Structure formats: C-alpha cells, structure tokens
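Enquirer: okay, sequence plus prediction incoming.
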Amino acid sequence: MGARTSSRSYTLPVDKLCGQSSGENEPWEGFRELCALLKGKRIALLTGAGCSTESGIPDYRGPETRKRARNPVQYREFVDKPQARRRYWARALVGWSRFSATAPNEGHQAMAQMERRGVLTGTITQNVDRLHTKAGTERLVELHGALEEVICLDCGILSSREELQERLWEVNPDWLGRRAEIAPDGDTEIDDTEGFVVVDCVGCGGRLKPHVVFFGENVPRRRVERAWRIVRDAEVLLVVGSSLAVFSGYRFPRGFAAEGGHVAIVNLGPTRADGAAKIKVKAKSGALLPRLVHYL
C-alpha cells in the first residue's frame, strides 16, 4: 500500500462528539470506536444499495428485501434471448420514471461533504442510481455503471436512457398508466410482458442494454484499477450499506485487510467482510453519517 499520512488535524475530542463526556448514551453500539478509528485518517468509501433504501430504492439483501424472491436479469440470458430483453425493457419502462426521480438522502449528502472537506481518497459505489453524483460527489467510481446510460451491444455507441424512454413509450402506448412495485434494478415487478415491443439501436439496429454490469458480467478492468487506487491511497476503508455478497465489491475489503489496512463497516445486516472488519456499526447510513461528518 502507498504512504499513509493524515491530511488534516482535528481538535474535537472523540468522547465529547459521541456523548461520552456528558454522560449521554452512545447513539449506536461501536460508534465511539468508529469515530476513533477514522480520526485524522484518509478514508476510502465503498457503498452499496443500503445507502439508497432511504431514497426509496429497494436493495437486494436488506432485512425487508430478503423476505421476497428476486429474479435479477442475468447477462448471458439478456444477450442471447429476445424474450429476456423484452422482459427487462417492459419492466424498466414502467419503473424508470420513479427510479430516475429519486433524490439523494442525508447519507449521500454527508458523504459528498466528507469529500469536500478533503478526508476522502474517493468513493466506490456498487449502485447504479447516480445518487452520489446528484449529491455532489466528484471523485467517484461507479463499479457497476449507471442506468442513466444505454449501450448498443453491437456497435458500442452510448445513448441517453431518457431518449430511449421516449422511444419505448411511442411504440408501447398501451403501457401508459401501468403501476408496479419498483425493484433494485430500476425495473418493476411485472410478470406478463407479452406484446411489449423492444426498440433497437438507431445507428445500427443492434441490441440495446442498460450501461450497467448485470449478474454474470465482469466489471471492466480499468474501472477496477481506478477503484483500487482509491482504496490503496487510504488508511481506512469504510464500507457503507452493503452486504458485500457480490465479489466485485467484496474484493476490496478482503484485499485491503490482507495488506494490513483497516476496514470499518456501517450496515444494518451481516456482511461477507464482518470477519475482516476492525469495527462494525449496525445503523442506517442516513442517520449515522450526518453525525459522523460533523466530527470529520
């Protein structure tokens, strides 16, 4: 790992910040230790779907989501089967207006403020909702891409999701007014998609896909390398709102801990890296991070 030196100095005592000196109860078990671990350190952030649940986007493996069966789209199936593409775009057409209208919550705002204050080496997100960008985060690696963009699988051209939305409504006017529960992929829970018409690339007539990494698809190598630079420039890797069940995110705390780096976790449920973490706090990011940012 690279050289690790503190970029700032702080004078506010941890005990006072966490309510210990005044006799107040600790707001979350382990919060005091988390403050102490992060004090004066260069921090890399790794975020997951749990950061966006407070904005109205469900996660894959949260306490409530685990009660319901999820059937996320698989890369190979999407590429090879026209019916899989029809199913995805039909469900996404209904879900996009709600998904794209979501706003950053207090957790996103706090993380952007941490960047502005100079305590972050950067943010790596597994989310595809662009809420970090909307909150003002600039040094960001979107590990799995973003639903705001569409890519042609045949010619590689990128286009706007909003533009595609208009084209899909034009050829599927009978879908106007449909309502369904939004899903983590930005699509919806609709089973019957017979009769839906899928549009193709305006340039080459090829297959269109959201510019995100589907299950079974690899994260681009250069994107992973950019993420590792953020992690290895840090002294502490702070994981927020992720179960780390998918290896694309889990590789970072696993590798960083193996190299001697400190890993801290803020998540409501269990994570794959709990055993590698120096400290874990069970809390919602929108509640904990604004309080933490006052200290940092």
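Expert: Received, thanks. Numbers count the residues shown, from 1 in each chain.
Enquirer: what about the closest residue to residue 213 other than its chain neighbours, neighbour count?
Expert: Excluding its sequence neighbours, the residue lying closest to residue 213 (CB to CB, 6 or more residues apart in numbering) is residue 144, at 4.3 Å. Bear in mind the C-beta positions are built from the backbone N, C-alpha and C, glycine included. Residues contacting residue 144 under the criterion other CB atoms under 10 Å number 20.
Enquirer: identify the residues contacting residue 144.
Expert: By CB atoms under 8 Å, 6 or more residues apart in numbering, the contact set of residue 144 is 126, 127, 128, 212, 213, 219, 248.
Enquirer: tell me where the stretch 101-250 of the chain has strands.
Expert: Taking DSSP state E, counting those that start in this stretch as the test, the strands found in the stretch 101-250 of the chain are 120-125, 140-142, 145-152, 158-160, 208-212, 236-240.
Enquirer: now what about the first one, what contacts it?
Expert: Which is strand 120-125. 42-48, 51, 111, 114-115, 132, 137, 139-143, 227, 229-231, 233-234, 249, 252.
Enquirer: quick one: buried ones out of those?
Expert: If you count burial by 16 or more other CB atoms under 10 Å, the buried members of these come out as 42-48, 51, 111, 114-115, 132, 137, 140-143, 227, 230-231, 233-234, 249, 252.
Enquirer: may I ask you to name the longest helix in this structure?
Expert: The single longest helix within the chain, with elements called by DSSP state H, is helix 82-100.
Enquirer: any stretches of this protein with poor pLDDT?
Expert: Across the chain, the ranges flagged by pLDDT under 70 are 1-26, 60-71.
Enquirer: returning to that earlier point: from the contacts of strand 120-125, which land in helices?
Expert: In this view, the contacts of strand 120-125 that belong to helices under DSSP H are 111, 114, 115, 132, 227, 229, 230, 231, 249, 252.
Enquirer: per-domain residue ranges of the chain.
Expert: What automatic domain parsing lists as the domains of the chain is 14-58+104-145+219-295, 68-102+148-212.
Enquirer: point out the most buried one among those.
Expert: Burial among those, expressed as mean neighbours by mean count of other CB atoms under 10 Å, is greatest for domain 14-58+104-145+219-295, which shows a mean of 20.
Enquirer: residue 29 against residue 281, yeah?
Expert: Yes: using CB atoms under 8 Å, residue 29 is in contact with residue 281, at 7.1 Å.
Enquirer: can you give me the distance of residue 221 to residue 157?
Expert: Counting by CB to CB, to the nearest Å, the gap from residue 221 to residue 157 is 21 Å.
Enquirer: center of this structure, which residue is that?
Expert: Residue closest to the mean C-alpha point of the chain, counted by CA atoms, centre = their mean, is residue 127 at 2.4 Å.
Enquirer: shouldn't that residue be in contact with residue 52?
Expert: Yes: with contact defined as CB under 8 Å, residue 127 reaches residue 52; the gap is 5.7 Å.
Enquirer: quickly list what's touching both of these two.
Expert: Listed as contacting both residue 127 and residue 52 by CB under 8 Å, 6+ apart is no residue at all.
Enquirer: OK, contacts around the nearest residue to residue 131 once chain neighbours are set aside?
Expert: Leaving aside its sequence neighbours, residue 131 sits nearest to residue 104 (CB to CB, 6+ apart; 4.7 Å). Residues counted as contacts of residue 104 (CB under 8 Å, 6+ apart) are 55, 112, 131, 132, 134, 135.
Enquirer: which ones are touching the second one?
Expert: In other words, residue 112. By CB under 8 Å, 6+ apart, the neighbours of residue 112 are 104, 132, 135, 136, 137.
Enquirer: one step back: in CSV: the contacts of residue 104, plus distance to residue 180.
Expert: Below are those laid out as CSV (distance: CB to CB, whole Å):
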residue, distance to residue 180
55, 19
112, 31
131, 21
132, 26
134, 24
135, 27
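Enquirer: the closest residue to residue 49 other than its chain neighbours: neighbour count?
Expert: Once flanking residues are discounted, residue 49 sits nearest to residue 59: 3.4 Å by CB to CB, 6+ apart. By other CB under 10 Å, the residues close to residue 59 number 23.
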